[in-house]
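> Provide a 3D model corresponding to the input given below.
(one chain, ligands or ions: 1)
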Amino acid sequence: MRVGHGYDVHAFGEGDSVVLGGVQIACERGLIAHSDGDVVLHALCDALLGAAGLGDIGRHFPDTDPDLSGADSRTLLRAVVAQVDDAGWVVGNVDLTVIAQTPRLSEQVGEMRERIAADLRVTVGSVNVKATTTEKLGFVGREEGIASHAVVLLTNEGASA
Ligand SMILES: [Zn+2]
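Prediction:
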């Protein structure tokens, strides 16, 4: 078994929606990013790569790559899953924490879990998503951005390799 952790932050900027966990959510602002700014999936990609010993998302998908401008982070996630798979690892479970003062996310958590489970090719029960605020403290509390943590367990049981 292997464990991995990921963390990502994006700042709020112009826009009228954010994409979190593969789900577009109406918001008074957007997130500034080279890609779609999905902090949840970026943290998850880093956790997967970390657990597999494959580096980090910036190495695989540099933010200077014009092809990744506005990229759907689900595409990045599926590419990471393919690399983890090639390395002989299978996703056991993932536990994700989104830290946002705004927007409210409780209603979108179920859809995030379904989309992430589909991309990871695991059951929805293996994907946990928690949304929390920071009680108005710090940069998240001041509504300057959104942060996300991810913890992943990989196993080599059942791997085809
Ligand atoms: Zn990011």
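> element containing residue 9?
strand 2-13 (DSSP states H and E).
> also residue 117?
Counting by DSSP H and E, residue 117 is found in helix 109-120.
> contact partners of the helix or strand hosting residue 78?
Taking DSSP H and E as the criterion, residue 78 maps to helix 73-86. Counting by CB atoms under 8 Å, 6 or more residues apart in numbering, helix 73-86 makes contact with 19, 22, 35-38, 41-42, 44-45, 48-49, 51-52, 54, 57, 60-61, 68, 91, 115-116, 119-121, 154, 159, 161, all of which sit outside it. Glycine gets a C-beta too; all of them are placed from N, C-alpha and C.
> which of those residues are buried? Put it as a ChimeraX command.
What follows is the ChimeraX syntax selecting those of the contacts of helix 73-86 that are buried according to 16 or more other CB atoms under 10 Å:
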select :19,22,35,36,37,38,41,42,44,45,48,49,51,52,54,57,60,61,68,91,115,116,119,120,154
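> and residue 85, how far from the ion?
Using CB to the ion, to the nearest Å, one gets 22 Å for the distance from residue 85 to the ion.
> no wait, residue 5
For residue 5 relative to the ion (CB to the ion), the value is 15 Å.
> quick check, pLDDT for that residue.
We note a pLDDT of 98 for residue 5 in this prediction.
> what's across from it in the sheet?
Note on residue 5: beta-bridge partners residue 151, judged by DSSP bridges.
> so what's it up against?
Here residue 5 is in contact with 46-47, 50, 149-152 (criterion: CB under 8 Å, 6+ apart).
> try 10 Å
By CB atoms under 10 Å, 6 or more residues apart in numbering, the contact set of residue 5 is 43, 46-47, 50-51, 149-152.
> returning to that earlier point: report the angle between the helix holding residue 78 and strand 2-13.
Orientation check (axes from the mean of the first three to the mean of the last three CA atoms, to 10 degrees): helix 73-86 against strand 2-13 gives 170 degrees.
> hang on, the earlier thing: near the ion, from the contacts of helix 73-86?
residue 42 (CB under 5 Å from the ion).
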